[in-house]
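Enquirer: Next input, structure requested:
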Amino acid sequence: MSMMVDHPEFIYLFCNLALRTGLILSPDKVKIGELVKCQVEGDTENETNGLYLLHLDCPDGLPKGFVQNLKTGIKDPYAYKGEGQNVPTKQAESYAKFKAQGNRPTWLNKSKRGG
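Expert: Got it, this is the predicted structure:
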């Protein structure tokens with residue numbers, strides 16, 4: 001069953017998932033339909049240890065994509081499932097809980113900037 005989706009809403013949800021997995025994305029700069037390298041938390045200015053792909057024109061009419069944090073190894077697929085059905089995957093939830101408890105991934109403790 002095909003369904004029309006408000007693109008800005010999905011882009012916001014997609015960026016929210018990306019943030020929960022450590023990627024740094026701005027909703028107004030998300031590229032559609034191409035594999036994009038981006039920064040993750042802890043990257044230096046020239047590092048891009050994140051990947052994402054977002055398609056808005058899938059055959060079923062529902063946007064789909066994925067985010068991947070190359071530092072943590074988290075790769076999170078995501079698909080718009082309709083209003084009220086968009087929940088983060090278990091990996092994103094785990095990462096969010098980890099951060100909420102004040103923990104820092106070990107790679108953040110080894111800053112290349114000397115701090």
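
Enquirer: show me where the protein has helices.
Expert: With DSSP state H, the ranges of helices along the chain come out as 7-20, 90-100.

Enquirer: Any idea which of those helices has the lowest pLDDT on average?
Expert: Lowest mean pLDDT within those: helix 90-100, a mean of 58.

Enquirer: what comes up buried for stretch 40-56?
Expert: Across stretch 40-56, burial judged by 16 or more other Cβ atoms under 10 Å covers 40-43, 49-54, 56. For the C-beta atoms, the positions are set from N, CA and C on the backbone; glycine is no exception.

Enquirer: same check, this time on stretch 66-86
Expert: Quick answer for stretch 66-86 (16+ other Cβ under 10 Å): 66-72, 74, 76, 78, 80, 86.

Enquirer: State the pair within those residues that is farthest apart.
Expert: Using Cβ to Cβ, these reach their maximum pairwise distance at 71 and 80, which is 26.7 Å.

Enquirer: ok, which stretches of this protein are strands?
Expert: All strands of the chain, identified by DSSP state E, fall at 36-38, 50-55, 64-69, 74-79.

Enquirer: And the last one, what does it pack against?
Expert: Using 3 or more Cβ pairs under 8 Å, 6 or more residues apart in numbering; DSSP states H and E as the contact criterion, the secondary-structure elements in contact with strand 74-79 are helix 7-20, strand 64-69, helix 90-100.

Enquirer: other SSEs contacting the longest one?
Expert: Read it as helix 7-20. So helix 7-20, by 3+ Cβ pairs under 8 Å, 6+ apart, packs with strand 50-55, strand 64-69, strand 74-79, helix 90-100.

Enquirer: relative orientation of that helix and strand 50-55 in degrees?
Expert: For helix 7-20 against strand 50-55, the angle by axes from the mean of the first three to the mean of the last three Cα atoms, to 10 degrees is 160 degrees.

Enquirer: Next, the angle strand 74-79 makes with helix 7-20.
Expert: Using the same axes, to 10 degrees: helix 7-20 against strand 74-79 is 160 degrees.
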